[in-house]
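In: Provided below for reference: sequence and predicted model.
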Amino acid sequence: MDHFNYQNGELYAEQVPVATIAGQHGTPCYIYSRATLERHWQAFDQALGDHPHLICYAVKANANLAVLNLFARLGSGFDIVSQGELERVLAAGGDPAKVVFSGVGKRADEMRRALEVGIHCFNVESESELRRLNQIAAELNLSAPVSLRVNPDVDARTHPYISTGLKENKFGIGIDEAQDVYTRAADLAHITIVGIDCHIGSQLTETEPFLDALRRVLLLVDQLEQDGIPIEHLDLGGGLGIRYHEETPPEPGDYAAALRELLADRPQTILLEPGRAIAGNAGILVTQIEYLKPTPDKNFAIVDAAMNDLMRPALYNAWQEIIPVNTEPHGDPRYYDVVGPVCETGDFLGKDRALSVAEGDLLAVRSSGAYGFSMSSNYNTRPRAAEIMVDGDQIHVVRERESLAGLYAGEATLP
Ligand SMILES: Cc1ncc(COP(=O)(O)O)c(C=O)c1O
Ligand SMILES: N[C@@H](CCCC[NH3+])C(=O)O
């Protein structure tokens, strides 16, 4: 469920016609719904009910300050993977004490900053990282709160590029080695073990892989308890999928109920790191058709958004629904490849889409609120699109379209 719906054949974002926003702010642009974002965050929060928990929204999915600020106001935690994301959380009014820091390649300066602001936990992904963190915490005369991210070797049954919990993936510490690494971590003077962490992949559409991973994690928690290493929190990562096409992922409530059944009456606080399931269906990408190009083999609808704006189709061959902003038929219905102006054959937003459209029409790519703008680039020296947040009948520009001059600011020619 989202807040992008048709009224009398016109697509609306909450109470505002999408065409009005495109007219005022140009295309391509991202449009987010405040009500959808908040409702999805609350669905996770309520799903865990009275079990002690913290929802740590995965900043990478959509890192716009206005989005982060909405969640900060709801009391959210945040999952970050870089100092850049940490600075965004702080700038948006997020509480550093509710931040978990994931990622396989944390730099020394990133660790230092995170220690200084007092984050909740480092999700440590290797023994080298653990030793570096201990060293930096020693220099600051602090103790670093740590979870080890364990790799449970579970098949998430998702796209191979976004599967993270198989032993051949770069993520985490193999679950069979984790007990020994925890024992060595417990001996480090500037490390405080607080939890255990596991994230097996993204866009999961079944509950079973999450449960498989959790069963393995709970066995380890019991072993650690016996070794005298108590675990205060279980971070079960993110990864719950959304419906892009015909997928039928579990609702947050059903997913959380299944987790809670396995957890029974364990006392640990539960952390979740959802990204896509909160932001994905809270956003659309709006684009205008520049040209229709029929050829003997294919019909192309050439639009003003491209793979630099929305990378998922090019990167994962991902399918996202493309709908007209105005449903009144324009032109003969035909099958179109919806493509952008970038000089790559992989630059498409959708293939073989039945559309009845004319040049100048607006299209919306649904489910673009997560991994849309956040993965966009300036390839082909294209400015990144504006981001707009709709709140009821209000339109807020939460990031302006980049200026062309800004695209080469900071570059220099040789003297
Ligand atoms: C460590 C970690 N946490 C959370 C997420 C968020 O995942 P999703 O957007 O699938 O919920 C990711 C991305 O897959 C991740 O790598
Ligand atoms: N960027 C990916 C998901 C990556 C998840 C981050 N670990 C996507 O669009 O589906």
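Out: Perfect, thanks for sending it. Ligands and ions are numbered 1, 2, ... in the order given.

In: C-alpha only now, for contacts and for neighbours.
Out: Will do.

In: so which helix or strand takes in Ala364?
Out: strand 362-365 (DSSP states H and E).

In: what packs against that strand?
Out: Applying 3 or more Cα pairs under 8 Å, 6 or more residues apart in numbering; DSSP states H and E, one finds that strand 362-365 contacts strand 283-294, strand 322-324.

In: against which helices or strands is the next helix or strand after it packed?
Out: Sequence order places strand 386-391 as the next helix or strand after strand 362-365, per DSSP H and E. Counting contacts by 3+ Cα pairs under 8 Å, 6+ apart, strand 386-391 packs against strand 29-33, helix 34-47, strand 394-399.

In: direction included, what does the shortest one pair up with?
Out: It stands for strand 29-33. strand 283-294 (antiparallel), strand 386-391 (parallel) (DSSP bridges).

In: what pLDDT, on average, does the shortest one get?
Out: Looking back up the chat, that one is strand 386-391. Strand 386-391 carries an average pLDDT of 98.

In: how about the residues of the stretch 301-415 of the chain by ligand 1?
Out: Within the stretch 301-415 of the chain, not a single residue sits near ligand 1 (Cα under 6 Å from any ligand atom).

In: now with 8 Å?
Out: By the rule Cα under 8 Å from any ligand atom, the part of the stretch 301-415 of the chain lying against ligand 1 is Ala370, Tyr371.

In: swap in the chain?
Out: Contact residues, the chain versus ligand 1 (Cα under 8 Å from any ligand atom): 57-58, 60-61, 79-81, 102-103, 162-164, 198-204, 237-241, 272-278, 370-371.

In: just the ones of those residues in helices?
Out: Among the residues of the chain next to ligand 1, DSSP state H puts Arg276, Ala277, Ile278 in helices.

In: and the closest residue to the first one other than its chain neighbours, how many neighbours does it have?
Out: The spatial neighbour of Arg276 that comes closest, neighbours along the chain excluded (Cα to Cα, 6 or more residues apart in numbering), is Ala370 at 5.2 Å. Ala370: 24 surrounding residues under other Cα atoms under 10 Å.

In: kindly report the same for Asn8.
Out: With neighbours defined by other Cα under 10 Å, the count for Asn8 comes to 10.

In: cool, and Ile395?
Out: Using other Cα under 10 Å, Ile395 has 19 other residues around it.

In: so the closest residue to it other than its chain neighbours bridges to which residues?
Out: Leaving out its chain neighbours, the residue that sits closest to Ile395 by Cα to Cα, 6+ apart is Met389, at 6.1 Å. Taking DSSP bridges as the rule, Met389 bridges to Tyr32, His396.

In: can you redo the ones in helices among the residues of the chain next to ligand 1 as TSV with pLDDT and neighbour count?
Out: Below are those laid out as TSV (pLDDT from 0 to 100; neighbours: other Cα atoms under 10 Å):
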residue	pLDDT	neighbour count
Arg276	98	27
Ala277	98	29
Ile278	98	27
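
In: out of these, who's nearest Leu70?
Out: Relative to Leu70, the closest of those is Ile278; by Cα to Cα it sits at 12.1 Å.

In: so what's that closest one closest to, chain neighbours aside?
Out: That would be His40: by Cα to Cα, 6+ apart, it lies 4.9 Å from Ile278.

In: correct me if wrong: that neighbour contacts Ala277.
Out: Yes. In this structure His40 lies within contact range of Ala277 using Cα atoms under 8 Å: 7.3 Å.

In: what's the residue in the stretch 251-400 of the chain that ligand 2 sits nearest to in contact with, if anything?
Out: The nearest approach of the stretch 251-400 of the chain to ligand 2 comes at Tyr371, 4.6 Å away (Cα to the nearest ligand atom). Residues in contact with Tyr371 (Cα atoms under 8 Å, 6 or more residues apart in numbering) are Lys60, Ala61, Asn62, Arg276, Gly280, Leu310, Arg312.

In: how confident was the prediction at it?
Out: pLDDT recorded at Tyr371 is 98.

In: contacting residues for the closest residue to Thr381 other than its chain neighbours?
Out: Residue nearest to Thr381 in three dimensions, not counting chain neighbours: Leu407, with 6.8 Å by Cα to Cα, 6+ apart. Leu407 is in contact with Asn378, Thr381, Arg382, Pro383, counting by Cα under 8 Å, 6+ apart.

In: please repeat the previous calculation with a cut-off of 10 Å.
Out: Listed by Cα atoms under 10 Å, 6 or more residues apart in numbering, the contact set of Leu407 reads Asn378, Thr381, Arg382, Pro383, Arg384.

In: same deal with Gln15?
Out: Gln15 is in contact with His3, Phe4, Asn5, Gln7, Val390, Asp391, Gly392, Asp393, Gln394, Ile395, counting by Cα under 10 Å, 6+ apart.

In: for the residue lying closest to the second one once chain neighbours are set aside, phi and psi?
Out: Distance criterion Cα to Cα, 6+ apart; nearest residue to Phe4, sequence neighbours excluded, is Ala13 at 4.7 Å. The main-chain torsion angles of Ala13 are listed as degrees, to the nearest 10 and equal phi -110, psi 110.

In: fine, thanks again, bye for now.
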